[in-house]
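Asks: I'll drop the sequence and a predicted model, then ask my questions.
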Amino acid sequence: MGQFPISPISNFKALAVKKISVTISKEKSIWLICTGIAFVFWVAVKLSKPYETKRSVNLNYTLPVGKVFANVPPNSLEATYTGSGWDLLTKLSFRRLPSLNFNLSEWPENIIERNDLVRRIEDISKLAVLDVDRGYISLELDTAATRKVPIVLNKAIQFEEDYFQKDSIHCFPDSAVISGPAALLRTIDRVMTLKSTFGRVRSDLHFSVPLQDPAQGQVTISPQEVKVTIPVEQFTEKTFTIPVQVVSDRDSVLVFPPEVRVTCVVGLSRYDKIKAEDFIVEVDLSGGISLPGQNTAPLQFRKSPEWLRSVTIFPKAVEFFFIQ
């Protein structure tokens, strides 16, 4: 059989690969070995020198039974360590953040001094501590207490035109139980919700909202959130003609006009329920007239439904005449 001729291009590639491999094995390998040895010695020298580094330390407290913090102490601090690079690398870099635990039932003082902090950190880390970022930690304890306070909704609602809140807001639950220092609880008379904002509202609102912390972490709150219902409906105007009733020490008094127009804004669900008999408009002349020649007196409602959006009288005053 005939043989295929060797391609000049294939021959060139084979020679190139062989040349490169020979070059790497003879020249580069020696350089890489020397560089690696030098790097190892450089790292060893660097890590044998003294260094300083900062790291956080967790602080944990065990409270006596029936006691709480009057002022919550810090839950961490920052310590400055010193030591050789090897020590810092092996004792800090590959371990969890160190923690100090204080059983306050056995702690004799209401303060943790800086020296106590440094000593305890050195004991658990096996490293020298140059400094900590706190000179002391104050431990103020108070008697644990609970109190039930009302929940107040913090809201901003913009209704569509002619739509308003129909009835009172319903929160479930309507109160919260707060627990914490007795002295602090005496200053808290309510718990606010986080602010809820709604725009262009035209139907009932149903939502849940978290409660605000009234003491920045010094008390616990139960529950953490409240369910809220805000009834909403469309309102419209309704007008009545109401006679003016006169309150006077005299028997013969005339007022003009004898009837006034009462206009109220009422929800559609109660539009047909409200009647003219639900209003009493009167003028009080029993106290006499304070200014000579004055014969007008303001009108006021003696009876009017509380659930109306608004109610107005026209005119707002009447003229009166005593008949001799």
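Replies: That came through fine. Residues are numbered from 1 along each chain as shown.

Asks: drop to CA atoms for contacts and neighbour counts, all remaining ones
Replies: OK.

Asks: State the next helix or strand along the chain beyond the helix or strand containing Trp31.
Replies: Per DSSP states H and E: Trp31 is located in helix 29-47. Downstream of helix 29-47, the next assigned helix or strand under DSSP H and E is strand 50-62.

Asks: Run through the neighbouring helices and strands of that following strand.
Replies: Packing partners of strand 50-62 (3 or more C-alpha pairs under 8 Å, 6 or more residues apart in numbering; DSSP states H and E): strand 76-84, strand 99-103.

Asks: Show me how far whatever helix or strand comes next after the shortest one is from its chain's centre.
Replies: Secondary structure here is assigned by DSSP H and E; on that basis, the next helix or strand after strand 99-103 toward the C-terminus is strand 111-113. In this view, strand 111-113 has its centroid 32 Å away from the chain centroid, taken as C-alpha atoms, centre = their mean, to the nearest Å.

Asks: by contact count, what packs against strand 111-113?
Replies: Going by 3+ C-alpha pairs under 8 Å, 6+ apart, strand 111-113 lies up against strand 136-138.

Asks: who's in contact with the strand it packs on?
Replies: Outside strand 136-138, the residues that touch it by C-alpha atoms under 8 Å, 6 or more residues apart in numbering are Pro73, Pro74, Asn110, Ile111, Ile112, Glu113, Arg114.

Asks: returning to what we had before: tell me, which of the helices and strands packed on strand 50-62 is the model least confident about?
Replies: Sorting the helices and strands packed on strand 50-62 by mean pLDDT places strand 76-84 lowest, at a mean of 89.

Asks: Tell me where the model's unsure across the stretch 201-324 of the chain.
Replies: 288-293, 324 (pLDDT under 70).

Asks: Distance of the residue nearest the centre of the chain relative to Leu32?
Replies: Nearest to the geometric centre of the chain sits Gln212, at 4.8 Å (C-alpha atoms, centre = their mean). For Gln212, the distance to Leu32 (C-alpha to C-alpha, to the nearest Å) stands at 63 Å.

Asks: Tell me how this protein divides into domains.
Replies: 1-47, 50-138, 148-230, 236-322 (automatic domain parsing).

Asks: can you give me the helices in the chain?
Replies: Along the chain, counting by DSSP state H, helices occupy 8-23, 29-47, 85-88, 114-125, 182-185.

Asks: relative to strand 99-103, how tilted is the fourth one?
Replies: An angle of 120 degrees separates the directions of helix 114-125 and strand 99-103 when computed by axes from the mean of the first three to the mean of the last three C-alpha atoms, to 10 degrees.

Asks: starting at the chain centroid, how far to helix 114-125?
Replies: On C-alpha atoms, centre = their mean, the centre of helix 114-125 falls 36 Å from that of its chain.

Asks: tell me which residues of it are tucked away?
Replies: The neighbour-count check on helix 114-125 (16 or more other C-alpha atoms under 10 Å) flags Leu117, Val118, Ile121, Ser125 as buried.

Asks: by contact count, what packs against it?
Replies: strand 128-132.

Asks: Note down every partner strand of the strand it packs on and its orientation.
Replies: strand 76-84 (antiparallel) (DSSP bridges).

Asks: who's in contact with the partner strand?
Replies: With contacts defined as C-alpha under 8 Å, 6+ apart, strand 76-84 is touched by 47-59, 88, 127-134.
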